[in-house]
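Student: the amino acid sequence is not available; the structure is as follows:
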DNA sequence: ATGAAAGCGCTAACAT
DNA sequence: ATGTTAGCGCTTTCAT
């Protein structure tokens, strides 16, 4: 390996001078500078980042951790795998912030086995993988589901950490997430005030999901605020298109029963479920939005493509990445900052499935 | 910062012993081990990665460089931005290999201004960004279009490097890419032998694109091999849906002229263009695949969703990432390896737009 | 089983 | 303008 000493020897100067040239400092004679430059070029010298980091005692690197959560049965085009898009977008946001500072991003996907996400905190030591990573970065961005609360507490004590799209309620670390509540609120309000929908059914996600819970509450809030509206049933299932189909099936079965009546709007916990609902409805000859409006959440890619195009709420994924990164910078600069949660506004995306006139999709 | 010395002091042992405990070596008494463990836990000690790397003189990190190539006008759902999917998939492949070795991935997106990709090699020094990165990794994975040939030569001389989806013809570094030639060849063969198509039109990409060139050559090869088939015109444009629409427009105009005749198959340089062609054809009442077959290349997400579903060729993106990473490992282990190119088979994805019976897409 | 000490390649304060 | 030198935090012989 070519070191500073090799270059210094070749250019017949001291290592300090080489270092100066390397960092474009003045106080070096032009001719010397040229000699050093030549030596660097000839030797193909590359400064060792580890040594630099050690000497400067900072690394200019932030870590990003996700759980791999891979399902080999899912092709890359499956709707369910689209949640990956979320991460990719977040990452781009992070990267744009990093680039401005000329820092780098160290990405790690933990295997399902290595993450402690849902585990009920057995007081286990911090995951080794995560520990190793910690030593290589100035701060950590942690994806949702990577660590349990207890682990997070331990981790955040050791180094600056920001949780991405995690539980805004936990008190251990900073969080940056989308504002599920106001997003859903705006969506349901739209249904009620613009389209005059009154009997609102909910196709809910898993009870354990914090996101689903918040979205449900927001819907209930609108119903409470708007006299004349009512919750026309709740049908919960997995966050998948299949889950949506099943829920819609139960909903249809209920409406077909004695005195049964179709709701005039179906609010789904996410887009995948909404797409499943749409399919099931189409199979039964129910027209959307004419007979019933359907809305989703997330604005995943296929949402714009389905028939009718889905009205939904977009999570500001990229922005989440940017803000999380900025917050991390702030915390690195001042580790004593009290942990804060930042909720980013989610944007209502109006398409045709709510009853609005279709916009040329092209 | 908590260091090895702090832990040693607290546990009343030498730093060597702490280091031994840290790495699970034997030759440490159980009671001592326990004392050290306790000290580590109490202090919240995290080994400094930079110091470790320096002492071990290896980093266990590989770098991945891409050009940002961002167009802020494009929303994340635009077809054009789907090429990003390619990178994300490649990255997952890389990550899976890295994980097996417990290495990390250092990702950097260069700004358009920082990359030298298309630049005609002004003999400029290696980009500073890339240099800085080089010092932090054991090897580099370089995305297509990041560096020019000359730069690549310089870079590859300094550290292990593998080009991802770049020009397999360049002699400076290893390359891992999809086999465009045989993929296209199989696709066109399918059109000719299975569906009896004879008058094949080409909707070509930009002349400057190596990918487009290879795909064109492969198509010409099939035509040369199969008597009775003929090239029924070439219409080139940008690698975009709009480019495809324009090309289809010209094609239709030509067919409408005196003695004009529609081709019975249109081979497009990529899926985006094919989708544009499909749109334009639909607008003109031309039926696909009945009147004319249309095929693309890449198998981007919307390819399965359009009407009719697009027959195309899938690049083994994930596999490319895996192989590139493995090749990089090999080169790190033995830097004297002669540069090699590895072409991965691209898979024919048969849907309905070629004339095959539609498969239930769901 | 444990400790002492010599680097690893670099930065930066302090000479000169 | 340039050189000397003391760390940075760790791994790893080599002693004991």
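Tutor: Alright, I've got the coordinates. All of these numbers come straight from a predicted model, not from anything done at the bench.
Student: just the pLDDT at residue A:124, thanks.
Tutor: In this prediction, residue A:124 carries a pLDDT score of 51.
Student: next one: residue A:308
Tutor: 94.
Student: residue in the stretch 201-350 of chain A nearest to DNA strand D?
Tutor: Distance from DNA strand D to each residue of the stretch 201-350 of chain A (CB to the nearest atom of the strand) is smallest for residue A:335, at 15.1 Å. No exception for glycine: its C-beta is placed from N, CA and C like everyone else's.
Student: shouldn't residue A:335 be within a strand?
Tutor: No. Read with DSSP: H, G, I helix; E, B strand; the rest coil, residue A:335 is coil and lies in no strand.
Student: which residues touch the closest residue to it other than its chain neighbours?
Tutor: Nearest residue to residue A:335, sequence neighbours excluded (CB to CB, 6 or more residues apart in numbering or on different chains): residue A:160, at 5.9 Å. Neighbouring residues of residue A:160 by CB atoms under 8 Å, 6 or more residues apart in numbering or on different chains: A:138, A:139, A:140, A:328, A:331, A:332, A:335.
Student: of those, closest to DNA strand C?
Tutor: Distance to DNA strand C, by CB to the nearest atom of the strand, is smallest for residue A:138 among the contacts of residue A:160, at 15.0 Å.
Student: so that closest one sits against residue A:53, correct?
Tutor: No. In this structure, residue A:138 is not within contact of residue A:53 by CB atoms under 8 Å, at 9.4 Å.
Student: overlap in contacts, these two.
Tutor: With contacts defined as CB under 8 Å, 6+ apart, the residues shared by residue A:138 and residue A:53 are A:59, A:60.
Student: next, residue A:168: secondary structure please.
Tutor: coil.
Student: would you mind measuring from it to DNA strand D?
Tutor: From residue A:168 across to DNA strand D, the span is 33 Å (CB to the nearest atom of the strand, to the nearest Å).
Student: bridged to the spatially closest residue to that residue that is not a sequence neighbour, which residues?
Tutor: Excluding the flanking residues, the one nearest residue A:168 by CB to CB, 6+ apart is residue A:341, at 3.9 Å. Note on residue A:341: beta-bridge partners by DSSP bridges are residue A:175.
Student: who touches residue A:341 in this structure?
Tutor: So residue A:341 contacts A:168, A:169, A:174, A:175, A:176, A:177 (CB under 8 Å, 6+ apart).
Student: close enough to count as contact, residue A:107 and residue B:103?
Tutor: No. The criterion here is CB under 8 Å, and residue A:107 misses it with residue B:103 at 11.3 Å.
Student: and those two? Which one has more around it.
Tutor: More neighbours surround residue A:107 than the other of residue A:107 and residue B:103, with 24 against 21 (other CB atoms under 10 Å in any protein chain shown).
Student: which strand or helix spans that one?
Tutor: Under the criterion of DSSP states H and E, residue A:107 resides in strand A:104-110.
Student: so what's the gap between that strand and the chain middle?
Tutor: Computed by CA atoms, centre = their mean, to the nearest Å, the chain-centroid distance of strand A:104-110 equals 14 Å.
Student: tell me the strands beside it, with direction?
Tutor: Partner strands for strand A:104-110, per DSSP bridges, with pairing direction: strand A:61-67 (parallel), strand B:104-110 (antiparallel).
Student: residue A:104 is in contact with residue B:135, isn't it?
Tutor: No. Shown here, residue A:104 and residue B:135 do not form a contact pair, counting by CB under 8 Å, at 10.7 Å.
Student: the more surrounded of these two?
Tutor: The neighbour comparison of residue A:104 against residue B:135 (other CB under 10 Å) goes to residue A:104, with 25 against 18.
Student: just to revisit the earlier point, for the residue nearest to residue A:335, phi and psi?
Tutor: phi -50, psi 130 (degrees, to the nearest 10).
Student: how much space between the closest residue to residue A:275 other than its chain neighbours and residue A:108?
Tutor: Closest residue to residue A:275 apart from its sequence neighbours, by CB to CB, 6+ apart: residue A:241 at 5.1 Å. Distance from residue A:241 to residue A:108, counting by CB to CB, to the nearest Å: 30 Å.
Student: again with residue A:102
Tutor: From residue A:102 to residue A:108 the distance is 21 Å (CB to CB).
Student: looking at these two, which is more packed in?
Tutor: Using other CB under 10 Å as the criterion, residue A:102 and residue A:108 rank with residue A:108 on top: 27 against 12.
Student: gap between that one and DNA strand D?
Tutor: 19 Å.
Student: same check on residue A:181?
Tutor: Distance from residue A:181 to DNA strand D, by CB to the nearest atom of the strand: 43 Å.
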